[in-house]
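1. coordinates only, sequence not included:
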């Protein structure tokens, strides 16, 4: 880096601290947040300490306990649990996919998959690139493995758009295969990162419909299998031991700072406590949980008293059921209070760039006026008619304005739902900037209304 | 990550590809760039293959050769070298800093340091937090080590501002120590990352003035030493074997696509070929070199013929002398051509966010009109009266408008000038987005003028 930075620093600093009517809000938040890096400390406990926490698991229970205790230590008010019954899927200790010549293909079961017979399931593979192509196979699919191998569209700049246009293969592909009488489904991992690490995630079967064993292949494995198929028909043998146990009681964890003037007007901030069982749920969604908690911790520890209630909800079971989101939305419908805003962080703990919002384009001025405050944390836009997230979107009927934090997206799907989603991939300052963005937006809504 | 992304994808894609008068430019660039990831392939050769390339070293020579050959393979025009004499400082194989109780403090020599006597230099340490505090020591500094230990100001959001406000300690601290008759200088590394890896960098002594041995301490070592000093006076013994050899001939590497209509109007893009000898110069500044080359490669391979000349300059010796920048600026002064723009990337290969520009605030409309094109690559602003960089700023007298790529800054100083600046810290898509931003801006200037 250039030495001239030294000379220019004198210019940079005054720009960064230019007088601004939001200085009394953002300056203390900034100094405390970036000085203490509290979100990362919480992430060390949740992701580093507890680790993976799939719904129904002992670790998910531990995460609920941790959420309660953390809120108590923070001195939050009205701490309580919202009960929900969650699916309890267990990976099992055998995941093996072998080609006829003995080559191993690195894979992992998709969440919701059934097991194969104990000594495996051998069948021919048919490669397709879309659900439609699979459906058109008709009877040819019977007894075969359907191999969904459409890659991420690299020309899409935002990686969530890449996920969005490839994800139907994982989410619905196995159900389509089951309907066709296929033996199972093999799905190219939902990532653009061409290594040998498979990425799991939920798949859904029709209620009461038939199910098949299904796995995600690493990108290297998917390419290897596709290459083999070019030479002619190929068989693989899949052995999986996963199983679905009975639903298990679990909980959302809720705590707040009750509003001093309008306690019945509620601003929700949240992320999801559960994670996949691969990796340790650092970016997905340890980040959102710890950013939300840290945002409220900062407000509390600065001694600020919000006019409206600011509440953190740590949602359970986002990954494979959304039962926690549904339970909280049910509560919100009947509660004697008005949800005016609901904000979610579930796109990773990277440097924040914007917020998606449910506001229409014509109404975006209602929040754009706050960009001078948010830009201190490098938030430079609200995306109208944008995303909130799976946990706050069900609150739309309450008329709450929905927000979703939009961090830098390029690295997210390198780690997502895989062994690579660990805390060393999270930069403490980037995570804290997310927390600071959420704290600032929540505080402004609390003080100014929306 | 939320499953709803799947549902929302249908909305995201049309937004990203909304009709735009710049589509005929950005769409082919995007598809080719993100499809081929050429910048990363070049970085594998330069940073992965050649490695560290300090001015005067054999590796720096190799990098010049590589630059020429790469331009030839790309089919650039008017490929040539601009000669310059560069400093030739060599680290040597002994860098040892030991406390009286035998504790080792992890350190590395600053570029430009002199050696200690062969059996080391033992002296008491005085800790200070600014150059002024050092100067005020007066005679008390004689024969002591001056220990500059002011940390990065974590409350500054942009890390270049942190570097700017701490960097005088490394850049000028040893010269101040030398003037005071101190034995040497110990400088807290220029990073906010609290680990045991020291970060080197240039220090400058007054011409003809005295010099002292000087090192950067890792943050852990600096904290340890500071802790020890709280208990009372402490001695350390420093042993360094670095030396400065005679200046060495070296070169900038230059190649271009000559303009089809106004060949004498020149747009320069560049980064610096040299790097520090710690790490492998991946972010600093393999990124800028490969982004610049890739930008021109994309334009060339798309078969586009720019109206004005677009030129890549790979500068030598940015890190410890700026001789390459001076040599090219000298050439530009007398050349029978007009430099209309000069663009540098020397802030890392992270996702781009904006461009600094020398344009005044009142003139920013001249480039802001292009934001609809650049925003495709997530460039959302030009910073007026901002930075270009050490290599293009000397071109200001040519009246060229200066630009400096501004990537996401949070991780840069974690790696900068240290063993950690290696290619595994670079995300291929983030790097390519930098190249695409530069290609787009250069092309628009070439076609529309400035």
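-> It's in. Because the structure is predicted, anything quoted here is derived from the model rather than measured.
2. Going by C-alpha atoms from here, please, whenever you check contacts or count neighbours.
-> OK.
3. Isn't residue A:353 up against residue A:376?
-> No - using Cα atoms under 8 Å, residue A:353 is not in contact with residue A:376; the gap is 11.0 Å.
4. Surely residue A:276 and residue A:52 touch.
-> Yes - between residue A:276 and residue A:52 there is a contact at 6.3 Å, judged by Cα under 8 Å.
5. And the residue in the stretch 51-200 of chain A positioned nearest to chain B, how close does it get to residue B:440?
-> For the stretch 51-200 of chain A, the residue closest to chain B is residue A:164, as judged by Cα to the nearest Cα, at 4.3 Å. Distance, residue A:164 to residue B:440, by Cα to Cα, to the nearest Å: 27 Å.
6. in chain A, what spans have low per-residue confidence?
-> A:1-19 (pLDDT under 70).
7. Now do the SS call for the residue of the stretch 51-200 of chain A closest to chain B.
-> Under DSSP: H, G, I helix; E, B strand; the rest coil, residue A:164 falls in the helix class.
8. Just give me the neighbour total for it.
-> 23 (other Cα atoms under 10 Å in any protein chain shown).
9. For residue A:153, see how far away it is.
-> 10 Å.
10. try residue A:141
-> For residue A:141, the distance to residue A:153 equals 26 Å [Cα to Cα].
11. And these two? Which one has more around it.
-> Legend: neighbour count by other Cα under 10 Å for residue A:141 and residue A:153, higher for residue A:141 (23 against 18).
12. For the nearest residue to the more buried one once chain neighbours are set aside, give me its contacts.
-> Distances taken as Cα to Cα, 6 or more residues apart in numbering or on different chains place residue A:182 nearest to residue A:141, at 5.3 Å, with adjacent residues excluded. With contact set as Cα atoms under 8 Å, 6 or more residues apart in numbering or on different chains, residue A:182 has these partners: A:141, A:142, A:143, A:144, A:145, A:146, A:212.
13. In CSV, list those residues along with distance to residue B:172.
-> CSV is the format used below for those (distance: Cα to Cα, whole Å):
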residue, distance to residue B:172
A:141, 73
A:142, 75
A:143, 74
A:144, 71
A:145, 67
A:146, 66
A:212, 68
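14. Only the buried subset of those residues, as a ChimeraX command please.
-> One line in ChimeraX is enough to select the buried members of the contacts of residue A:182, burial here meaning 16 or more other Cα atoms under 10 Å in any protein chain shown:
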select /A:141,142,143,144,145,146,212
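15. Restricted to strands, list the contacts of residue A:182.
-> Those of these mapping onto strands are A:145, A:146, per DSSP state E.
16. nearest to residue A:118, of the contacts of residue A:182?
-> Each of those was checked against residue A:118 using Cα to Cα; the closest is residue A:212, at 14.3 Å.
17. just to revisit the earlier point, state the distance from the residue of the stretch 51-200 of chain A closest to chain B to residue B:175.
-> Relative to residue B:175, and taking Cα to Cα, residue A:164 is found at 57 Å.
18. same check, this time on residue A:431
-> Applying Cα to Cα to residue A:431 and residue B:175 gives a distance of 38 Å.
19. In terms of neighbours, single out the busier of the two.
-> residue A:431 (28 against 25).
20. mind listing what the residue nearest to residue A:198 when sequence neighbours are not counted touches?
-> Nearest residue to residue A:198, sequence neighbours excluded (Cα to Cα, 6+ apart): residue A:218, at 4.0 Å. Applying Cα under 8 Å, 6+ apart, we find residue A:218 in contact with A:105, A:106, A:107, A:188, A:189, A:194, A:195, A:196, A:197, A:198, A:199.
21. who wins for most neighbours among those?
-> Neighbour counts for these, by other Cα under 10 Å, peak at residue A:189, which reaches 37 neighbours.
22. what's near enough to touch that one?
-> Applying Cα under 8 Å, 6+ apart, the residues contacting residue A:189 are A:198, A:199, A:200, A:216, A:217, A:218, A:219.
23. so of those, which ones are in strands?
-> Reading strands off those with DSSP E, I get A:216, A:217.
24. Pick out the most distant pair among the contacts of residue A:189.
-> Every pair of the contacts of residue A:189 checked by Cα to Cα; the farthest is A:200 and A:219, at 12.4 Å.
25. Good, wrapping up.
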